[in-house]
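K.L.:
Here's a sequence, model it:
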Amino acid sequence: MPFKIEDRDPIAAELLTRQRWDVIPGAESAEDFAARVRRGVETIAAAHADELVVAVVHGGVINQIMNLASGQEGFRFMGADNASISHLVIDRDRWIIRCFNDTSHLDPRFSTASEPIT
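P.N.:
Sure, this is the predicted structure:
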């Protein structure tokens, strides 16, 4: 989509203005997407109560999860860095955001290399 934004594609412009993926023809509705993401998170949480779980997902899903947890809408949490960590705690019906877009683990100081990085 970035190249379409740079090219001022009218659908890309509307997507940014309305902050909804469903302005793209044939896309899933925003409500259906939110419901699908919620079901996915709740299914994982129910299957792994009191466990640490890692889910690797695209930025749009990260945005939606954070929106659901914080009561926000739109693209408030878009732009998570590649390989970043967003930490969510599920406590019964409460979704608690512990962090968003943390990349501290990508710092060379945390390398597993036996020699210092120069």
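
K.L.:
roughly how far is the longest helix along the chain from the heart of the chain?
P.N.:
For the chain, the helix with the greatest residue count under DSSP state H is helix 30-47. Counting by Cα atoms, centre = their mean, to the nearest Å, helix 30-47 is centred 13 Å from the centre of its parent chain.

K.L.:
which parts of it are buried?
P.N.:
Neighbour-count burial for helix 30-47 flags 30, 33-34, 37, 41, 45 (criterion: 16 or more other Cβ atoms under 10 Å). The way it works is simple: take the backbone N, C-alpha and C, and place the C-beta from them, glycine included.

K.L.:
which outside residues touch stretch 29-48?
P.N.:
For stretch 29-48, contacts defined as Cβ atoms under 8 Å, 6 or more residues apart in numbering pick out 20-22, 28, 53, 55, 61, 64-65, 67-68, 88, 90, 95.

K.L.:
Pull the longest helix of the chain out as PDB, backbone CA atoms only.
P.N.:
The C-alpha trace of helix 30-47 is given here as PDB (Å, rounded to 0.1, in the frame of the first residue of the first chain):
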ATOM      1  CA  ALA A  30     -14.100  -3.300   9.800                       C
ATOM      2  CA  GLU A  31     -16.600  -4.900  12.200                       C
ATOM      3  CA  ASP A  32     -16.100  -8.400  10.800                       C
ATOM      4  CA  PHE A  33     -12.300  -8.000  11.100                       C
ATOM      5  CA  ALA A  34     -12.500  -6.700  14.700                       C
ATOM      6  CA  ALA A  35     -14.800  -9.600  15.600                       C
ATOM      7  CA  ARG A  36     -12.400 -12.200  13.900                       C
ATOM      8  CA  VAL A  37      -9.400 -10.800  15.700                       C
ATOM      9  CA  ARG A  38     -11.200 -10.700  19.000                       C
ATOM     10  CA  ARG A  39     -12.300 -14.400  18.500                       C
ATOM     11  CA  GLY A  40      -8.700 -15.300  17.700                       C
ATOM     12  CA  VAL A  41      -7.300 -13.700  20.800                       C
ATOM     13  CA  GLU A  42     -10.000 -15.100  23.000                       C
ATOM     14  CA  THR A  43      -9.500 -18.600  21.600                       C
ATOM     15  CA  ILE A  44      -5.800 -18.400  22.300                       C
ATOM     16  CA  ALA A  45      -6.300 -17.000  25.800                       C
ATOM     17  CA  ALA A  46      -8.900 -19.700  26.700                       C
ATOM     18  CA  ALA A  47      -6.600 -22.500  25.400                       C
END
